[in-house]
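# what follows is a predicted protein model with its sequence.
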Amino acid sequence: MISEEIKKEILAKIGKDKEAVAMMNKRDVQGLISKCKSIGFDVTEGDITEFIVGSMGELSDDELDAVSGGNCIYGCPSDSCDHNHQ
């Protein structure tokens, strides 16, 4: 678990990075782990998941259904989605 202070530091650094913001919007946990590690933060999947939920809120029932059904969180079928939504 990362502290609130570290969360604020991460958000301050990645909040200015358009690629990182897109990762947050897509809830791209692995991408955010890589981004955080590249700027000096040693984070885990659990840390980033907690960070995203804390920053953006939990997935809605529709988002959970879409993801569990093999679709992206925007409802696109996984075989035709480029996961580059804004």
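Arrived safely.
# average pLDDT across the helix or strand where K8 lies?
Applying DSSP states H and E as the criterion places K8 in helix 4-14. Model confidence over helix 4-14, given as mean pLDDT, is 85.
# report the buried residues of it.
Within helix 4-14, the residues that count as buried by 16 or more other CB atoms under 10 Å are 6-7, 10, 14. Any C-beta I mention is one placed from the backbone N, CA and C, and that applies to glycine too.
# skip ahead from that helix and say which helix or strand is next.
Counting by DSSP H and E, what follows helix 4-14 is helix 18-26.
# what is the very next helix or strand once past that next one packed up against?
Next helix or strand after helix 18-26 toward the C-terminus (DSSP H and E): helix 29-38. If contacts are counted by 3 or more CB pairs under 8 Å, 6 or more residues apart in numbering; DSSP states H and E, helix 29-38 sits against helix 4-14, helix 18-26, helix 45-56.
# can you list contacts of the longest one?
Applying CB atoms under 8 Å, 6 or more residues apart in numbering, the set of residues contacting helix 45-56 from outside is 1-2, 7, 10-11, 24-25, 27, 29-30, 32-33, 36, 43.
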